[in-house]
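Asks: just coords:
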């Protein structure tokens, strides 16, 4: 569940990863932590486009990789002139356009979530703020992170706590998951495999590793291929010709995937009421004939989050996202266990429509368990702009789940 509306409390003239009307009413400077759609809320709306057009001094800061991605996507390329590149580890000062006496120094560093993902450090008269965006840092990586090594005192930590739940203490490292995937695929000589991903970017390590091991490219669609124009080391292991390989990550599916073994690269299924899978004896689990799931997480586990928070030792923690089952009482309780004795957070920012849909999606697949029919819900809720509320409920209805009527009823209220 999203718990952050995008506006920095300490510096409300700055918004991060949200470009809605509520942000435009108070913010004049905007940042994008990474390319996933749930962190681009409102960026594709005419309201924001008109806002920046009428206020030409406004800038949208992001990494060079993210800027390139955005310029390739039809929903965001019309704002290309407003994207300003952030350079890693190079502090710079930005002025509040509405107050010449107000400014902050910004420094960014990698977040380990996907290509171009950033953490943002803000230093100014109202405190030092670290915004992690979505991130994945293993515990041993946190101890060597630039922010830790800088020994800066962090007043407020805005942090991704997607898996801040003690029952999700560990998630397989991506390297281990990839090794398991390679071991599985090499058991078959001429078999086609279909890799179902849940986001447009974030799986590059798998693509490169598969190519290095098997010597064949991974098939993707043309848009996906050209998205990587700025990352030749990734693009060179991909192909838009489905006849050249038996490894497919294309969408829509090509004809070669009809008789393929399907492997869903995700983590949500492993963390939702699949209690026996949380021990992770293997990151690869068979669901049914020719249907597998690989636990591949772009977010930090509970232990990894705890290690990072302890290393940072902030005065205050504000979650960007939390598991649905963690309310604010439980959140404050878990923070105390980490030695953070802040004033209790008693409420979270309201979620927007897209986040509400994702929330209902999560609760729906809790009821699916090992049923192969959940294939109907394998849609890209981060990236698929064509999937709207009505389409979602139609797909849920096809499963004929008892929860469907309740979801619809709640939505119609």
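Replies: Yep, it's here. For clarity, every value in this text was computed on a predicted model and none was experimentally measured. Residues are numbered from 1 along each chain as shown.

Asks: so who does the nearest residue to residue 244 once chain neighbours are set aside touch?
Replies: Among residues not flanking residue 244 along the chain, residue 217 sits closest, at 6.1 Å (C-beta to C-beta, 6 or more residues apart in numbering). Using the backbone N, CA and C atoms, a C-beta is placed for each residue, glycine as well. By C-beta atoms under 8 Å, 6 or more residues apart in numbering, residue 217 lies in contact with 211, 237-239, 244-245, 247.

Asks: domain ranges for the chain?
Replies: 14-167+299-350, 174-295, 357-412 (automatic domain parsing).

Asks: the stretch 51-200 of the chain: strands as residue ranges?
Replies: 59-63, 83-86, 92-96, 99-110, 118-124, 127-131, 156-160, 193-196 (DSSP state E, counting those that start in this stretch).

Asks: let's have those strands in TSV, adding distance to residue 52.
Replies: Shown next, in TSV, are the strands of the stretch 51-200 of the chain (distance: least, C-beta to C-beta, whole Å):
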stretch	distance to residue 52
strand 59-63	8
strand 83-86	11
strand 92-96	16
strand 99-110	19
strand 118-124	20
strand 127-131	21
strand 156-160	23
strand 193-196	36
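
Asks: low-confidence ranges in this structure?
Replies: Residues of the chain meeting the criterion pLDDT under 70: 1, 149, 273-280, 344-413.

Asks: so what's residue 300 up against?
Replies: If a contact means C-beta under 8 Å, 6+ apart, then residue 300 has 135-137, 160, 162-163, 171, 308 as its contacts.

Asks: state the helix or strand in which it lies.
Replies: Assigned by DSSP states H and E, residue 300 belongs to no helix or strand.

Asks: do the same with residue 15
Replies: strand 14-16.

Asks: name the surrounding residues that touch that strand.
Replies: Around strand 14-16, the neighbours that count as contacts under C-beta under 8 Å, 6+ apart are 6-8, 23, 26-27, 29-33, 104, 120, 122, 131, 133, 158.

Asks: again, only this time at 10 Å
Replies: Contacts of strand 14-16 with the rest of the structure, by C-beta atoms under 10 Å, 6 or more residues apart in numbering, involve 4-8, 22-24, 26-33, 39, 41-42, 60-61, 94, 96, 104, 106, 118, 120, 122, 124, 129, 131, 133, 158, 320.

Asks: cool, stretch 65-73 as well?
Replies: Outside stretch 65-73, the residues that touch it by C-beta under 10 Å, 6+ apart are 32-35, 37, 39-40, 43-44, 60-63, 76-80, 83-86, 114-118, 200-201, 223-224, 226-231, 383, 385.

Asks: if any of the residues you listed are buried, put those into a ChimeraX selection.
Replies: Entered in ChimeraX, the line below selects the buried ones among the contacts of stretch 65-73, by 16 or more other C-beta atoms under 10 Å:
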select :32,33,34,35,37,39,40,43,44,60,61,62,63,76,79,83,86,114,115,116,117,118,200,201,224,227,228,230,231,383
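
Asks: among the contacts of stretch 65-73, which are located in helices?
Replies: 223-224, 226-227 (DSSP state H).

Asks: in a markdown table: those residues, plus distance to residue 178.
Replies: Listed next are the ones in helices among the contacts of stretch 65-73 as a markdown table, based on distance: C-beta to C-beta, whole Å:
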| residue | distance to residue 178 |
| --- | --- |
| 223 | 24 |
| 224 | 19 |
| 226 | 25 |
| 227 | 21 |
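
Asks: out of the residues you listed, which is nearest to residue 257?
Replies: Lowest distance from residue 257 to those (C-beta to C-beta) belongs to residue 224, with 14.9 Å.

Asks: that closest one contacts residue 199, doesn't it?
Replies: No: Residue 224 is beyond contact range of residue 199, at 11.2 Å (criterion: C-beta atoms under 10 Å).

Asks: give me the buried subset of the contacts of residue 217.
Replies: Buried subset of the contacts of residue 217 (neighbour count, 16+ other C-beta under 10 Å): 211, 237-239, 245, 247.

Asks: which one of these is nearest residue 100?
Replies: Nearest to residue 100 among the buried ones among the contacts of residue 217: residue 238, at 48.0 Å, using C-beta to C-beta.

Asks: who does that closest one bridge with?
Replies: Beta bridges link residue 238 to residue 218 when assigned by DSSP bridges.

Asks: these two touch, right, it and residue 206?
Replies: No: assessed by C-beta under 10 Å, residue 238 is found out of contact with residue 206, at 11.7 Å.

Asks: between the two, what contacts are shared?
Replies: 218, 249.

Asks: mind putting the contacts of residue 300 into JSON lines with neighbour count?
Replies: Output for the contacts of residue 300, formatted as JSON lines (neighbours: other C-beta atoms under 10 Å):
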{"residue": "135", "neighbour count": "27"}
{"residue": "136", "neighbour count": "23"}
{"residue": "137", "neighbour count": "23"}
{"residue": "160", "neighbour count": "26"}
{"residue": "162", "neighbour count": "26"}
{"residue": "163", "neighbour count": "25"}
{"residue": "171", "neighbour count": "27"}
{"residue": "308", "neighbour count": "24"}
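
Asks: please produce TSV containing those residues, extended by distance to residue 316.
Replies: Converted to TSV, the contacts of residue 300 look like this (distance: C-beta to C-beta, whole Å):
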residue	distance to residue 316
135	18
136	23
137	20
160	16
162	19
163	21
171	26
308	15
